[in-house]
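Chemist: Just to be clear, the model below is a prediction. Sequence and coordinates:
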Amino acid sequence: MKVAVAGKGGVGKTLIAGGLAKGFAERGLKTIAIDADSSPNLGLTLGLSAEETRKIVPITENKPLVESKTSTGFNSVFNLNFTVDDIVKDYSIATPMGVNLIVMGTVQAMEAGCMCAPNAVIRALLRYLVVERNEAVVMDLEAGVEHIGRGTARQVDALLIIADSNLKSLEIAKHIHDLASKAGMKQLYLIGNRVMNDTQKEAIQSFADKNGLSLLSFVPYDQKVIEADMLGETPLKNKEMPAVKTIDNICELLLKKTA
Ligand SMILES: Nc1ncnc2c1ncn2[C@@H]1O[C@H](COP(=O)(O)OP(=O)(O)OP(=O)(O)O)[C@@H](O)[C@H]1O
Ligand SMILES: [Mg+2]
């Protein structure tokens with residue numbers, strides 16, 4: 001079970017990625033959550049404190065690690081033949097949700113020929129996690145469309161595109177969907193988040209229908225999510241919250257769809 005979560009800024013990617021990772025772990029799957037956002041905060045949602053989250057050094061910013069993996073002793077000549085299983089062991093962080101977290105850091109745009117050392121490490125690490133290793137993976141992607149359809153994110157079982165009833169977020173969802181589809185990704189699902197009423201549901205459903213997006217689920221607007229986030233607490237602790245319950249149900253849906 002490998003999923004990536006994408007969408008416009010602020011639509012609820014991190015809440016949903018965190019909730020899914022927690023749900024997979026609770027169902028007995030060994031689960032790794034990858035924070036691929038350059039402003040990482042998935043740690044908070046997975047129950048780490050603000051201080052613990054702040055202390056995490058993203059892989060791309062861990063110069064000694066990157067150098068130890070890629071250095072050949074010659075300027076601008078990188079070793080590309082290195083191990084990454086030890087990175088997972090040494091740099092993933094156990095969270096109170098039973099999920100191990102890896103924070104990737106900023107990945108430079110993959111221009112033709114750009115192969116800087118941190119990118120090489122990230123590429124190998126993602127390949128290992130998504131393609132080779134047999135664990136559940138949930139990837140919280142950077143907002144927008146920049147990284148869609150490129151690199152290893154492309155090889156996940158399912159891409160979840162989050163939007164709310166705001167047309168801007170739906171337009172970005174469509175853009176992400178079209179790029180991912182062009183890149184050959186097969187299981188693409190829209191999730192309508194922060195839904196307050198039937199009018200919003202209908203707006204999301206009709207956009208999905210018109211644009212060929214497959215709608216997986218709605219997640220209700222939940223005031224308690226906002227209150228928990230305000231206090232710097234994870235909303236995921238409270239299983240009775242409607243949004244948290246619904247995200248947990250999405251785990252079941254996904255396990256069925258990708259079985
Ligand atoms: N179902 C919901 N009900 C109410 N509030 C929500 C819901 N989902 C998300 N939010 C709120 O929306 C805000 C953004 O959520 P979140 O951080 O998960 O989005 P994001 O897409 O990861 O944002 P970014 O692009 O900045 O990483 C948060 O304040 C969160 O509390
Ligand atoms: Mg986020």
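Modeler: Sure, I can see it. Ligands and ions are numbered 1, 2, ... in the order given.
Chemist: What is the neighbour count of the residue of the chain found nearest ligand 2?
Modeler: Nearest to ligand 2 in the chain, going by Cβ to the ion, is residue 14, at a distance of 3.3 Å. All C-beta atoms are positioned from the backbone trio N, CA, C, and that covers glycine. Neighbour count for residue 14, taken as other Cβ atoms under 10 Å: 24.
Chemist: which element is it on?
Modeler: helix 13-26 (DSSP states H and E).
Chemist: Okay, buried residues for stretch 54-68 please.
Modeler: Residues of stretch 54-68 classed as buried: 56, 58-60, 62, 65-66 (neighbour count, 16 or more other Cβ atoms under 10 Å).
Chemist: Any idea how far apart the tips of it sit?
Modeler: 24 Å (Cα to Cα, to the nearest Å).
Chemist: what does it contact?
Modeler: 35, 40, 43, 87, 91, 93, 101-107, 117-119, 121-122, 125 (Cβ atoms under 8 Å, 6 or more residues apart in numbering).
Chemist: and the protein, which of its residues are near ligand 1?
Modeler: 7, 9-15, 37, 143, 193-194, 219, 221-222, 225-226, 229, 243 (Cβ under 6 Å from any ligand atom).
Chemist: at 5 Å what do you get?
Modeler: 9-15, 143, 194, 219, 221-222, 225-226, 229, 243 (Cβ under 5 Å from any ligand atom).
Chemist: Looking at the residues you listed, which are in helices?
Modeler: 13-15, 225-226, 229, 243 (DSSP state H).
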